[in-house]
Structures are given as C-alpha cells and as structure tokens.
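Asks: have a look; sequence and predicted model below, questions after that.
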Amino acid sequence: MNFQVTVLKILVSYPDGFAVMADLKRDMAILATSGHDWSERTKRLAARVPDLDIFSQALIERLNGGWRITEKGRKVLDFMEARSSGPQTAPDAPVEQSSFAEPVPRLLVSIRAGRSQRLQRRRAVRARARAKAS
C-alpha cells in the first residue's frame, strides 16, 4: 500500500479535507486490511507521479493535531485519478505548475456516514475545553 496516496485519498474524503491523526490511523488500518485491491490501486496511482512527496511538495499541511489536504494536493490527486483512453504519464512540468481538472471520486463513502457529525461534536468539545482553560 502506498502511504502517501492513501493519505491523500483519505483526506479528500473528509469535509474540508481535514482529519485528526486518530481518524487517519483508523482509516489507514481499514484500508491496509481491505485486501490486495487497495494495494494495487494505490501502486497504479503512485506510478503516475513517481516523485510524489506529500510533505515537501506541500500537498498536505499539518494543523491542530491532524492533516489537511491542500488545493495543490487535490489537483495532484485529480491528475493521478484522471482516466483517458491512452496511457497516463507524469506531467512534464513540476507538480506545482501543472493544471489538473478531473473531479475526484470520493473514498470511504459508506464509512463516512456519521463522521461529519462526530467531527463537529469533537471540535465543539475541544473548543469548550479551550475556552474553559483560558
């Protein structure tokens, strides 16, 4: 399983592209145990951008105990998932100069069912705790 592609796919499935580390770890564990299909898919996607580095290319940002996918990260993921009749190759220009336009298919739709509400509740609890601490 390609860790970096998996992180991008997980983050893009969350509302506003942000997930706390506990949620990322849980989703990674689910995907890691889902069988060879996921592993093969991430390898195919990673092959389209062989020099992928989500940290140094600023495809994700670290904030508040979690990670958020950036707009640039969404574009790279769109490029990796773009389907065409011919074989895909990595863009000639560096990632930051390429333009990508295909929509992103959502990952883990069935798992996300109540996640948005749980995330909102957790954020509200954290905000109240911070307010009390001040």
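Replies: Okay, I see it. Note that the structure is a prediction, hence the values are computed from the model and not measured.

Asks: all contacts plus neighbour counts: C-alpha atoms, from now on.
Replies: OK.

Asks: Arg44: neighbouring residues, count only.
Replies: By the criterion of other CA atoms under 10 Å, Arg44 has 15 neighbours.

Asks: how about the helix or strand hosting Ile30: buried residues?
Replies: Taking DSSP states H and E as the criterion, Ile30 maps to helix 21-32. Residues of helix 21-32 classed as buried by neighbour count (16 or more other CA atoms under 10 Å): 23-24, 27-28, 31-32.

Asks: report the contact partners of the nearest residue to Val12 once chain neighbours are set aside.
Replies: Among residues not flanking Val12 along the chain, Ile69 sits closest, at 6.6 Å (CA to CA, 6 or more residues apart in numbering). Shown in contact with Ile69 (CA atoms under 8 Å, 6 or more residues apart in numbering): 8, 11-12, 17-18, 59-61.

Asks: specify the local secondary structure of the residue nearest in space to the middle of the chain.
Replies: Closest to where the C-alpha atoms of the chain average out (CA atoms, centre = their mean) is Leu8, at 2.2 Å. Following DSSP: H, G, I helix; E, B strand; the rest coil, Leu8 is assigned to helix.

Asks: low-confidence stretches in the protein?
Replies: 1, 83-117 (pLDDT under 70).

Asks: where do the helices sit along it?
Replies: Listed in chain order, the helices of the chain (DSSP state H) span 3-12, 21-32, 36-48, 71-81, 115-133.

Asks: out of those, which gets nearest to Phe55?
Replies: Closest to Phe55 of these is helix 3-12 (CA to CA; 9.1 Å).
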